[in-house]
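here are the coordinates; sequence isn't available:
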């Protein structure tokens, strides 16, 4: 479906990816972008950069309220299912987390059906593969749970269920869908709720206070980071492309060690501080991947024509610029 | 904990495994066995063989009602979490299925905490590994989803979440737990809700009507069946053993092809009929495993001292005897 002139709704849109996606859709000529968010984790401040943009509607609503979602979906052509508890809040409150990640997404699918929307894009995650992986990870890699904290496995399994609920609605009701499995997303409007993303924002916030960035263990474990603007573009392309019933990895495609990341923050801030190593056991819910892995995004290029554009140095620079202008409360 | 003199509760107990387990626990001297079941899938008839047994309590209740579960758990020493939507009802009603399999189990964990029960045994499933597996499947085998119907993946993922909720309650509140991953359970009080178990009961019900048993495809795919009485003994041993925080496969450990199974039913009934082969695509939700696999139960022997005792010929004979006395309505 073309983006120009169409109306879209983003659940959980007042946050990192949603705020980038809203901008992307408006830039591409969308007639309206409805941000549907209960603002429990999200905040209107994440949309401050879009203030006054024609077509942006912020609607305070909860994905657990099916009637309200159905109402919000009237006249909407396509929906983005982004509302979710990530690992850290899931660890604190698995009751609400399971509600939001499963029933909330199911409610949006039902609202799409009732309102005759054409397509849904589901924000899945590399967590749908589990953790502790090694080698090349493609869309067919099975789910690993060994040695993973319960909240992380639960989060990953809610993504598996969310993906299959899309497939179920596609098969039963003909709803078009695409599942995008994001690696660790970072960028402006970064929050503190995803375990992996802490590596950047925590490092910067410490450096800004004159404290050394902390790395748990030797810092040799690798992560795949993808810039939020690149992710937003992938979401827009998945909605706009003549593609349905596909599950696609959206990743930076280049691994970086947690130590190199902390050193990048030090370099970009011109700091003379040195990385501080701490016992991994002291770090709370951390998602370690002792083995090197490559989070393959070849299918995204083949199916969507998408590739990441923003290198990590540039993305982290933008994140830091934003953080300088928006220091922690 | 010893079984003698203790009180236990089984959610979803008015069914296949629950009915065997209730008998097993009473035989071992349990003071009380509370069957907690909303009788939507289960039926009191599944407990008819225990009528008049001292210590058996049938309580009609719904796992979605936390207050009622907490009430039912007063004075109970250990709980068995069996209430679940299996694959076929999950396909028809994923809304209620997700509620029961996730929130219902979570409610029982919470009721255990509130009522200070000591231990919970969670009925997980080989579905926690997905389908389409090959080779030897141990407790560390990751979850496969490729080519699997949505409802089956959703069912498997609810089991993954259920397992991790046990781990979460163990870590946060000190509740002892064991997870048992059953292969395909069969035996007296067999029902029609689990895709794999259909192979036996459907075959027999057709033969009893003078119709040939149906095999989808060439019948070369293998299944692992485990007798319900053996499963019940594993559950009782897991509750009674000084074992906690363990996840254990409970399987027959011997594969049988679907064709050999249909032929076994023909042999045991003395029928002259021949197996009828049908197009796999005509069979509804079927969980095919094109590859041979071995569902390893070595850990059950190491950790619980459990091994299956009833060979498939004897188990199917018992199922058929029961079915003769309890023909379909």
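That came through fine. Since the model is a prediction, treat every value here as computed from it, not as a measurement.

where exactly do the strands run in the stretch 51-200 of chain A?
For the stretch 51-200 of chain A, applying DSSP state E, counting those that start in this stretch gives strands covering A:56-60, A:78-81, A:119-125, A:135-137, A:176-182, A:184-186.

winner for burial among these?
strand A:78-81 (a mean of 28; mean count of other Cβ atoms under 10 Å in any protein chain shown). Backbone N, C-alpha and C define where each C-beta goes, glycine included.

residues in contact with that one?
A:1, A:6, A:8-11, A:13, A:18, A:21, A:73, A:105, A:108-109, A:111-112, A:117-123, A:162, A:235, A:239 (Cβ atoms under 8 Å, 6 or more residues apart in numbering or on different chains).

Show the buried residues in those.
Neighbour-count burial (16 or more other Cβ atoms under 10 Å in any protein chain shown) is assigned, among those, to A:6, A:8-11, A:13, A:18, A:21, A:73, A:105, A:108-109, A:111-112, A:117-123, A:162, A:235, A:239.

Just give the nearest non-adjacent residue to the residue of chain A found nearest chain B, would you?
Closest to chain B within chain A is residue A:143: 3.5 Å, counting by Cβ to the nearest Cβ. Once flanking residues are discounted, residue A:143 sits nearest to residue B:143: 3.5 Å by Cβ to Cβ, 6 or more residues apart in numbering or on different chains.

Close to chain B: what parts of chain A are there?
With Cβ under 8 Å from any Cβ of the partner chain as the criterion, chain A meets chain B at residues A:94-95, A:98, A:102-103, A:106, A:130, A:140, A:142-146, A:150-151, A:153-154, A:157-158, A:160-161, A:164-165, A:167-168, A:171.

For chain A, list the residue farthest from the centre, please.
Distance from the C-alpha centroid of chain A, by Cα atoms, centre = their mean, peaks at residue A:272 (32.0 Å).

Report the contact partners of that one.
By Cβ under 8 Å, 6+ apart, residue A:272 lies in contact with nothing.

picking that back up, which of the contacts of strand A:78-81 fall within helices?
Among these, the residues falling in helices (DSSP state H) are A:18, A:21, A:105, A:108, A:109, A:111, A:112, A:162, A:235, A:239.

Need the residues you listed in TSV (columns: pLDDT).
TSV is the format used below for the ones in helices among the contacts of strand A:78-81 (pLDDT from 0 to 100):
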residue	pLDDT
A:18	98
A:21	98
A:105	98
A:108	98
A:109	98
A:111	98
A:112	98
A:162	98
A:235	98
A:239	98
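
if I look at the nearest residue to residue A:5 once chain neighbours are set aside, how far off is residue A:4?
Nearest non-adjacent residue to residue A:5, counting by Cβ to Cβ, 6+ apart: residue A:31, 5.1 Å away. Going from residue A:31 to residue A:4 by Cβ to Cβ, to the nearest Å gives 8 Å.

Of these two, which one has the most company?
Ranked by neighbour count (other Cβ atoms under 10 Å in any protein chain shown), residue A:31 and residue A:4 place residue A:31 first, with 16 against 11.

Next up, the contacts around that one.
Residue A:31 makes contacts with A:5, A:6, A:7, A:55, as judged by Cβ under 8 Å, 6+ apart.

Surely the second one and residue A:117 touch.
Yep, that's residue A:6 we're talking about. No - Residue A:6 is beyond contact range of residue A:117, at 10.4 Å (criterion: Cβ atoms under 8 Å).

okay, and the common contacts of these two?
Each of A:77, A:78 lies in contact with both residue A:6 and residue A:117 under the rule Cβ under 8 Å, 6+ apart.

can you give me the helices for chain A?
Secondary structure of chain A (DSSP H): helices at A:16-27, A:66-72, A:87-92, A:94-98, A:105-114, A:150-173, A:198-208, A:228-240, A:258-268, A:298-304, A:312-325.

got TSV for those, with distance to residue B:320 too?
Output for those, formatted as TSV (distance: least, Cβ to Cβ, whole Å):
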stretch	distance to residue B:320
helix A:16-27	57
helix A:66-72	46
helix A:87-92	47
helix A:94-98	41
helix A:105-114	40
helix A:150-173	35
helix A:198-208	59
helix A:228-240	52
helix A:258-268	60
helix A:298-304	49
helix A:312-325	64
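
for those, which one sits closest to residue B:294?
helix A:150-173 (24.8 Å; Cβ to Cβ).

Which other helices and strands does that closest one contact?
Here helix A:150-173 touches helix A:87-92, helix A:94-98, helix A:105-114, strand A:119-125, strand A:176-182, helix B:94-98, helix B:150-173, going by 3 or more Cβ pairs under 8 Å, 6 or more residues apart in numbering or on different chains; DSSP states H and E.

So for residue A:37, which of these sits nearest?
Distance to residue A:37, taken as Cβ to Cβ, is lowest for helix A:105-114 among the helices and strands packed on helix A:150-173, at 12.4 Å.

Now do the closest one against helix A:150-173, angle only.
Helix A:105-114 runs at 20 degrees relative to helix A:150-173, counting by axes from the mean of the first three to the mean of the last three Cα atoms, to 10 degrees.

which residues touch helix A:105-114?
Residues from elsewhere that reach helix A:105-114 (Cβ under 8 Å, 6+ apart): A:11, A:63-66, A:69-70, A:72-73, A:79, A:81, A:83-84, A:117, A:120, A:122, A:162, A:165-166, A:169, A:173, A:175, B:94-95, B:98.

switch to 6 Å and redo it
A:11, A:63, A:66, A:69-70, A:73, A:79, A:81, A:120, A:162, A:165, A:169, A:173, A:175 (Cβ atoms under 6 Å, 6 or more residues apart in numbering or on different chains).

Adding distance to residue B:250, write these out as TSV.
As requested, these are arranged in TSV below (distance: Cβ to Cβ, whole Å):
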residue	distance to residue B:250
A:11	40
A:63	37
A:66	38
A:69	41
A:70	43
A:73	45
A:79	42
A:81	36
A:120	38
A:162	29
A:165	29
A:169	34
A:173	37
A:175	38
